[in-house]
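Novice: sequence and predicted model, in that order:
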Amino acid sequence: MWLQREICLQPRPRGFHLVTDELLRELPELRDFRVGMMNLFIRHTSAALTLNENADPTVRQDFEGWFDRAVREDEPYYRHQDEGADDLPAHLKSSLLGASLNIPIRNGRLALGTWQGIWLCEHRNHGGSRCIVATLQGE
Amino acid sequence: MWLQREICLQPRPRGFHLVTDELLRELPELRDFRVGMMNLFIRHTSAALTLNENADPTVRQDFEGWFDRAVREDEPYYRHQDEGADDLPAHLKSSLLGASLNIPIRNGRLALGTWQGIWLCEHRNHGGSRCIVATLQGE
Amino acid sequence: MWLQREICLQPRPRGFHLVTDELLRELPELRDFRVGMMNLFIRHTSAALTLNENADPTVRQDFEGWFDRAVREDEPYYRHQDEGADDLPAHLKSSLLGASLNIPIRNGRLALGTWQGIWLCEHRNHGGSRCIVATLQGE
């Protein structure tokens, strides 16, 4: 059994955002899978997906603080600067975090741990709506 | 053909640990898959899974050295500090390394390279037992 | 429907390389999958795969610049130094970027975004040919 659907999220400001509910609202058929896998794939090179803490929002704020220091804007050796100071760092953060997630499905639900949520990592100042291909397979 | 099983590993101290054998011991049915994929998914936000060198243990020690310097404890801008100095860095390291692995299956074995092993990345000082959902599919 | 094939890429110098075309040339059966997933798995611990910008080559040059500064050679605390100064940093970069990609298949093509290409991340000075297991499943 295969289900594939493209979901375009509402635009969000630069930062880390919990999007579990917004994504799962678009995938009601999840409950029909007894066992399987869900892949979420973001079709962009300056945003990413990750799994992390679904409760305290200060974790997401601290991620922005750390990533902005680890991948600085305006390094003198950067060559790819045409699209603004946030552009090349966004590409780097995107590859550090990754473009896709693979989450097991168990009894009609994602087998996430108690504290795990799905994060959209928006690395551009004005990234617009980000589109994600969700692919579910199982039985 | 689908097989899904939750495996809780023995507790380990902070650091990087080779767990290939402990995991595969719990998955004897692997040998019945001629071709397929195995997903390993860790249900935690302060530990991670990665693939790396399965021989020299100094590689794993050097990883701990590098990650502890790249993601420092007690940065003055951290807001999420309630659970201890190792808490927020553990969340960051978890997302840098990732919560899941996807490894192809070939002729009843994982198609790992000669030097590849499965590592548990334990980022808390006292993380306890970490649980992993293994999902195998194939034919 | 399953297809699994090992593809060994031509050797490349240290750096980030766009390999979408070289890989897809070896997978003509992709067009027969209406819906599915493709996994690419690199069987090495000192190289990696990532998705990023498929146009401007300066992005790939800047990645080399950033990663070489973020993961330095010859740190005094490194213990694993036998195979040269590029060895331990290559292992670290490999785990930061990851050994596998999962890309959805839609109507006989990869559902990549407009700007997404597949990159080989070669972290050794002389890494030689890198082998990748491609596993396609779908219908």
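Specialist: Received it, and whenever you're ready, just let me know what you need.

Novice: I'd guessed A:N102 sits against B:I103; true?
Specialist: No: look at A:N102 against B:I103 with CB atoms under 8 Å: they stay out of range, at 11.3 Å. Bear in mind the C-beta positions are built from the backbone N, C-alpha and C, glycine included.

Novice: anything in stretch A:82-89 near chain B?
Specialist: No: judged by CB under 8 Å from any CB of the partner chain, stretch A:82-89 makes no contact with chain B; its nearest approach is 15.2 Å.

Novice: show me which residues of chain A are close to chain B?
Specialist: Residues of chain A found near chain B (CB under 8 Å from any CB) are A:35-37, A:50-53, A:56, A:58-59, A:61-63, A:65-66, A:70, A:96-98, A:101-104, A:106, A:111-116, A:119, A:137-139.

Novice: show me the residues you listed that map onto helices.
Specialist: Secondary structure from DSSP state H places A:58-59, A:61-63, A:65-66, A:70, A:96-97 of the residues of chain A next to chain B in helices.

Novice: what about stretch A:54-63, average pLDDT?
Specialist: Averaging pLDDT along stretch A:54-63 yields 97.

Novice: quick one: contacts of it?
Specialist: Residues external to stretch A:54-63 that are found in contact with it (CB atoms under 8 Å, 6 or more residues apart in numbering or on different chains): A:15-18, A:20, A:52-53, A:115-117, A:119, A:121, B:77-80, B:88, B:91-92, B:95.

Novice: for chain A, give me the ranges with low pLDDT.
Specialist: Within chain A, no range satisfies pLDDT under 70.

Novice: pick out the residue of it closest to chain C.
Specialist: With CB to the nearest CB, the shortest gap between chain A and chain C falls at A:R43, namely 3.2 Å.

Novice: with adjacent residues omitted, what lies nearest to that residue?
Specialist: Nearest residue to A:R43, sequence neighbours excluded (CB to CB, 6 or more residues apart in numbering or on different chains): C:G113, at 3.2 Å.

Novice: list the residues that contact the residue nearest the centre of chain A.
Specialist: For chain A, A:L49 is the residue whose C-alpha lies nearest the centre (CA atoms, centre = their mean; 2.1 Å). Contact analysis of A:L49 by CB under 8 Å, 6+ apart lists A:40, A:42, A:97-101, A:118-121, A:132.

Novice: same check on A:D87?
Specialist: When contacts are counted by CB under 8 Å, 6+ apart, A:D87 touches A:46, A:80-81, A:124.

Novice: returning to what we had before: which among the residues of chain A next to chain B end up buried?
Specialist: The neighbour-count test (16 or more other CB atoms under 10 Å in any protein chain shown) marks A:35-37, A:50-53, A:58-59, A:61-63, A:66, A:70, A:96-98, A:101-104, A:106, A:111-113, A:115-116, A:119, A:137-138 as buried among those.

Novice: nearest spatial neighbour of A:F16, chain-adjacent residues omitted?
Specialist: Closest residue to A:F16 apart from its sequence neighbours, by CB to CB, 6+ apart: A:R60 at 4.0 Å.

Novice: quick one on the thing from earlier: could the ones in helices among the residues of chain A next to chain B go into JSON lines alongside distance to C:L24?
Specialist: Shown next, in JSON lines, are these (distance: CB to CB, whole Å):
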{"residue": "A:T58", "distance to C:L24": "43"}
{"residue": "A:V59", "distance to C:L24": "39"}
{"residue": "A:Q61", "distance to C:L24": "40"}
{"residue": "A:D62", "distance to C:L24": "40"}
{"residue": "A:F63", "distance to C:L24": "34"}
{"residue": "A:G65", "distance to C:L24": "39"}
{"residue": "A:W66", "distance to C:L24": "36"}
{"residue": "A:A70", "distance to C:L24": "33"}
{"residue": "A:L96", "distance to C:L24": "25"}
{"residue": "A:L97", "distance to C:L24": "25"}
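
Novice: from these, which two are the most distant?
Specialist: A:T58 and A:L96 (20.9 Å; CB to CB).

Novice: OK, contacts around the residue in chain A positioned nearest to chain B?
Specialist: Relative to chain B, the nearest point of chain A is A:G113 (3.2 Å; CB to the nearest CB). Neighbouring residues of A:G113 by CB under 8 Å, 6+ apart: B:42-45, B:131.

Novice: quick check: phi and psi on A:L92?
Specialist: phi -60, psi -50 (degrees, to the nearest 10).

Novice: counting neighbours, what do you get for the residue lying closest to it once chain neighbours are set aside?
Specialist: Nearest residue to A:L92, sequence neighbours excluded (CB to CB, 6+ apart): A:V71, at 4.8 Å. As a burial measure, A:V71 scores 18 neighbours (other CB atoms under 10 Å in any protein chain shown).

Novice: could you do A:H17 as well?
Specialist: By other CB under 10 Å, 19 other residues sit near A:H17.

Novice: pretty sure it contacts A:H123?
Specialist: No: using CB under 8 Å, A:H17 is not in contact with A:H123, being 11.5 Å away.

Novice: up against chain C, what does chain A have?
Specialist: A:2, A:4, A:6, A:39, A:41-45, A:70-71, A:75, A:77-80, A:88, A:91-92, A:94-96, A:98-100, A:102, A:131, A:133, A:135, A:137.

Novice: take those and keep only those in strands.
Specialist: Within those, residues falling in strands by DSSP state E are A:2, A:4, A:6, A:39, A:41-42, A:100, A:102, A:131, A:133, A:135, A:137.

Novice: redo these as JSON lines? Include distance to C:E26.
Specialist: Shown next, in JSON lines, are those (distance: CB to CB, whole Å):
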{"residue": "A:W2", "distance to C:E26": "24"}
{"residue": "A:Q4", "distance to C:E26": "24"}
{"residue": "A:E6", "distance to C:E26": "27"}
{"residue": "A:N39", "distance to C:E26": "22"}
{"residue": "A:F41", "distance to C:E26": "22"}
{"residue": "A:I42", "distance to C:E26": "26"}
{"residue": "A:S100", "distance to C:E26": "22"}
{"residue": "A:N102", "distance to C:E26": "24"}
{"residue": "A:C131", "distance to C:E26": "28"}
{"residue": "A:V133", "distance to C:E26": "23"}
{"residue": "A:T135", "distance to C:E26": "23"}
{"residue": "A:Q137", "distance to C:E26": "24"}
